[in-house]
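Participant: I would like to see how this sequence folds:
(one chain, ligands or ions: 1)
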Amino acid sequence: MAIKDNISRIRESIAKASIDSGRKPEDITLVAASKTKPATYIKEAIAAGVDAVGENRVQEMMEKNAEGAYEGVPLHFIGHLQSNKVNKVVGICDLIESVSSKSLLSQIGKRAESLGITQDVLIEINIGKEPQKSGILPEETEEILEYASQLTGINVHGFMTIPPFFVENERNCYYFDIMFKLFVDMSAKKYDNVSVRLLSMGMSDTYIDAIRFGSNMVRVGSAIFGER
Ligand SMILES: *Cc1c(COP(=O)(O)O)cnc(C)c1O
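Facilitator: Got it, this is the predicted structure:
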């Protein structure tokens with residue numbers, strides 16, 4: 001198993017892409033997407049220096065958390081979050097990346113308030129407007145940020161997106177580009193509880209291009225851990 005080697009190769013690519021796009025390697029957060037992978041693999045990835053770990057399924061996350069799988073790094077929730085699971089992730093995850101509706105945002109805020117904490121979140125944007133994907137439509141972004149400014153218990157730090165995937169790089173880059181433009185537009189606006197500074201975009205097959213187009217957080221699974 002070559003998790004450590006995979007991570008050093010990925011770090012080199014991240015460094016190159018960040019410098020090419022006028023930033024520093026340390027400006028990019030590498031999140032290990034660890035769904036289906038056991039705690040032993042995750043600990044190896046943490047030892048090799050990933051910045052955070054991202055999980056998709058609440059039950060699986062709770063089991064691995066009980067094994068101490070995420071010790072030493074922030075834990076992100078990156079999967080589809082059902083409202084009946086909100087109580088299980090708020091306060092456990094450092095960052096909920098996949099907030100895909102106003103009602104979810106408000107439920108997270110309520111739960112956080114009852115725990116006496118503020119939950120850090122990203123808003124998931126359905127940049128390709130794909131009917132089968134969750135997330136806010138790009139044209140609804142301002143509305144949800146405005147809504148966030150009226151809530152308590154949450155801090156919105158930016159956006160996460162899973163754009164449509166194409167084999168041809170140019171077609172992926174089209175969506176990275178429009179997502180980055182939306183991110184820049186929203187960064188300039190002022191809302192309470194909102195500071196748009198994180199753009200979580202790019203996975204194993206696309207993270208290099210995503211960084212070139214302005215992503216500063218990449219979620220990488222199979223390129224670290226091997227195929228699922
Ligand atoms: C699985 C997953 C990833 C990582 O995908 P890879 O192609 O294995 O890198 C990233 N983001 C989300 C939301 C995922 O579910």
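
Participant: which regions of this structure sit below the pLDDT cut-off?
Facilitator: 1 (pLDDT under 70).

Participant: what about 90?
Facilitator: Counting by pLDDT under 90, the low-confidence segments of the chain come to 1, 165-170.

Participant: Can you pull the residues of it lying near the ligand?
Facilitator: Residues of the chain lying close to the ligand by C-beta under 6 Å from any ligand atom are 33, 35, 56, 78-79, 162, 203-204, 219-223. Placement of C-beta: from N, CA and C, glycine included.

Participant: Sort out for me which of those are in helices.
Facilitator: Taking DSSP state H as the definition of helices, the residues of the chain next to the ligand contribute 222, 223.

Participant: Serialize the residues of the chain next to the ligand to a markdown table and add fields for distance to residue 72.
Facilitator: As requested, the residues of the chain next to the ligand are arranged in a markdown table below (distance: C-beta to C-beta, whole Å):
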| residue | distance to residue 72 |
| --- | --- |
| 33 | 17 |
| 35 | 19 |
| 56 | 20 |
| 78 | 19 |
| 79 | 22 |
| 162 | 27 |
| 203 | 23 |
| 204 | 23 |
| 219 | 18 |
| 220 | 18 |
| 221 | 19 |
| 222 | 22 |
| 223 | 21 |
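
Participant: What's the end-to-end length of stretch 64-78?
Facilitator: With C-alpha to C-alpha, to the nearest Å as the measure, stretch 64-78 spans 15 Å from end to end.

Participant: List the buried residues in it.
Facilitator: Along stretch 64-78, these residues count as buried under the neighbour rule (16 or more other C-beta atoms under 10 Å): 64, 65, 69, 70, 73, 75, 76, 77, 78.

Participant: and those residues, which of them are in helices?
Facilitator: Per DSSP H, the buried residues of stretch 64-78 map to helices at 64, 65.

Participant: Closest one of the buried residues of stretch 64-78 to the ligand?
Facilitator: residue 78 (4.2 Å; C-beta to the nearest ligand atom).

Participant: all strands for this protein, in order.
Facilitator: Here the chain has its strands, by DSSP state E, at 29-33, 52-55, 75-77, 95-99, 119-125, 154-161, 194-200, 217-220.

Participant: one step back: buried subset of the residues of the chain next to the ligand as a PyMOL selection?
Facilitator: Of the residues of the chain next to the ligand, the buried ones can be selected in PyMOL as follows, counting by 16+ other C-beta under 10 Å:
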select buried, resi 33+56+78+79+162+203+204+219+220+221+223
